[in-house]
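Participant: Predicted model and sequence follow; I will ask about them next.
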Amino acid sequence: MITVLNKTSKILSNILVNIAAATLIFWVFIIVIFVSARAFFNVNWMFVEEYTGYGMVLLTSFSFAYALRRGAHVKVTAVADNIPKKLQRPLKIFADLVGLIVALYLTWHGIQWLMHGIEGGERSWFPSRTLMWPVYALIPIGLGVLSLEFLNQLVLNLSGSQEEREEQK
């Protein structure tokens, strides 16, 4: 079970981070073209400003699980560094459990927000009148994979499987 969970979480977090990376590369080109067109030709594309915000949502939410998996998030080790080694593993387990609960809670509310957007047919206030539910879907997708990674981390820490933890990266 541990291996299946670990592999599934790894595959999903890699898929999402690759989508985020491709979006970032595409986004940079669009912004350069937008800024150049505005400077040289006095052209203003409203959709660039609108979709920049949506891109930020995608980049952020699709990177959560990968950052957790790779240990690339901000760590405050003031407590962990100053407690006995014997208590560090229970502290990691507790932190993973709290992270899992928070991620599941946020995923649930993200799904509710998505359903509200689908039912209400919400559209952006920009001239493009973009349908908002696809944007809303980005958040529970990213948070759902983050929840899976927190579960993976919790199971690995509970099992004490050092080899699995090293392989996961």
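Facilitator: That came through, no problem.
Participant: Could I get the buried residue list for stretch 107-118?
Facilitator: Within stretch 107-118, the residues that qualify as buried are Thr107, Gly110, Ile111, Trp113, Leu114, Gly117, counting by 16 or more other C-beta atoms under 10 Å. All C-beta spots, glycine's among them, are computed from the backbone N, C-alpha and C.
Participant: Apologies, that question was intended for stretch 40-56.
Facilitator: Within stretch 40-56, the residues that count as buried by 16+ other C-beta under 10 Å are Val48, Glu50, Tyr51, Tyr54, Gly55.
Participant: Need the max-distance pair from these.
Facilitator: Farthest pair in the buried residues of stretch 40-56 (C-beta to C-beta) is Val48 and Tyr54. Separation: 10.9 Å.
Participant: What's the mean pLDDT across the biggest helix by length in the chain?
Facilitator: Once the chain is assigned using DSSP state H, the helix that runs over the most residues is helix 2-41. Per-residue pLDDT over helix 2-41 has a mean of 93.
Participant: Go ahead and measure how far it is from the middle of the chain.
Facilitator: Centre-to-centre, helix 2-41 and its host chain are 12 Å apart (C-alpha atoms, centre = their mean, to the nearest Å).
Participant: Which residues does the helix or strand just after that helix contact?
Facilitator: Elements were assigned by DSSP states H and E; along the chain past helix 2-41, the next helix or strand is helix 46-70. For helix 46-70, the external contacting residues (C-beta atoms under 8 Å, 6 or more residues apart in numbering) are 9-10, 12-14, 16-17, 19-20, 23-24, 27, 30-31, 34, 72-73, 99, 124, 126-128, 130, 135, 138-139, 141-143, 145-146, 148-150, 152-153, 168-169.
Participant: Report the buried members of those residues.
Facilitator: Judged by neighbour count, with 16+ other C-beta under 10 Å as the criterion, the buried members of the contacts of helix 46-70 are 9-10, 12-13, 16-17, 19-20, 23, 27, 30, 34, 99, 124, 130, 135, 138-139, 141-143, 145-146, 148-150, 152-153, 168.
Participant: If anything else comes up later, I'll come back, but that's it for now.
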